[in-house]
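1. With the sequence up front, the predicted model follows.
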Amino acid sequence: MSDAPGRFEAPPPARPPREPLFNVPLVALLIAASIPLLYLFQRDLPDIGMSMAFAPVDLQQGRWSGLLTAMLLHGGWAHAWMNAIGALAFGAPVARLLGDRIGPMVFLLFYVACGVLATLGYGLIHWGSGAPMVGASGAVFGLIGAATRLMGVPPGGGVLALTDRRVVTASLAWMGVNALTGLIGFAPGADGAGIAWEAHAVGFVVGILAIGPLARAFGRGVERRPAHG
């Protein structure tokens with residue numbers, strides 16, 4: 001009696017799972033979406049939210065809340081959208097590094113810490129100034145700094161060493177562009193307002209330094225050796 005056709009044939013190979021077209025971690029997406037959404041509500045406030053802005057003189061007078069609330073405000077739609085795009089683009093690799101369990105909460109704390117410390121640094125540099133500052137750019141630059149050490153690293157693969165040639169080159173480029181926009185006083189979305197480039201620089205430094213020990217805490221902090229040309 002003959003066997004049924006194909007009885008002993010190997011099953012066809014399983015198809016590899018398809019990569020989702022849009023796989024940005026939810027926490028990065030939510031933070032990015034919150035920036036223009038908050039600006040929408042800000043426009044309806046009686047003082048356009050300026051009572052929640054930060055001024056360096058606040059530190060002398062014991063007012064610390066602006067270090068946090070200034071991150072929730074923006075100077076215009078272009079300013080808000082630029083920070084939203086930056087948070088989405090550079091927040092995604094950082095969120096993937098931290099994973100899905102407690103990662104989203106740690107990501108949020110990291111983002112806020114970068115923003116608060118960036119604003120604090122700006123306040124110390126401009127000690128006593130009464131000029132207000134708003135925006136989440138310091139926090140976004142923290143994400144940029146962190147993402148700089150993740151360039152070309154697969155998820156879960158750790159972070160690049162600070163001395164890696166790619167990290168050094170990218171950092172110099174970011175800080176060069178940042179200083180240039182600050183010195184010439186022009187950036188898309190600024191609408192003629194001053195650029196808090198010092199806050200950007202402080203946020204970047206906080207992010208690029210903090211992501212190393214943070215990755216190690218998540219068991220993904222084996223830093224790779226510098227690339228050689």
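-> Here it is on my side, so go on. Numbering: from 1, shown residues only.
2. which stretches of the chain form strands?
-> Applying DSSP state E to the chain gives no strands.
3. Could you measure from the spatially most central residue of the chain over to Gly75?
-> Nearest residue to the geometric centre of the chain (Cα atoms, centre = their mean): Leu143, 2.4 Å. Separation of Leu143 from Gly75 (Cβ to Cβ, to the nearest Å): 20 Å. In short, each C-beta sits where N, CA and C put it, glycine included.
4. what's near enough to touch the residue nearest to the centre of the chain?
-> Gly86, Ala87, Phe90, Gly91, Val94, Tyr111, Cys114, Gly207 (Cβ atoms under 8 Å, 6 or more residues apart in numbering).
5. Put the buried members of these into a ChimeraX selection.
-> To isolate the buried members of the contacts of Leu143 in ChimeraX, using 16 or more other Cβ atoms under 10 Å:
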select :86,87,90,91,94,111,114,207
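6. Looking at the contacts of Leu143, which are in helices?
-> Among the contacts of Leu143, the members falling in helices are Gly86, Ala87, Phe90, Gly91, Val94, Tyr111, Cys114, Gly207 (criterion: DSSP state H).
7. Which strands or helices does the lowest-mean-pLDDT helix or strand in the chain pack on?
-> Least confident helix or strand of the chain, by mean pLDDT, DSSP states H and E, is helix 165-184 with a mean of 91. Under the contact definition 3 or more Cβ pairs under 8 Å, 6 or more residues apart in numbering; DSSP states H and E, helix 165-184 sits against helix 137-148, helix 197-217.
8. Let me know which of the ones you listed is tucked in deepest.
-> Of all the helices and strands packed on helix 165-184, helix 137-148 has the most neighbours on average by mean count of other Cβ atoms under 10 Å, namely a mean of 29.
9. chain center to that one: distance?
-> The chain centre lies 4 Å from the centre of helix 137-148; the measure is Cα atoms, centre = their mean, to the nearest Å.
10. and the direction of that helix versus that of helix 197-217, what angle?
-> 40 degrees (axes from the mean of the first three to the mean of the last three Cα atoms, to 10 degrees).
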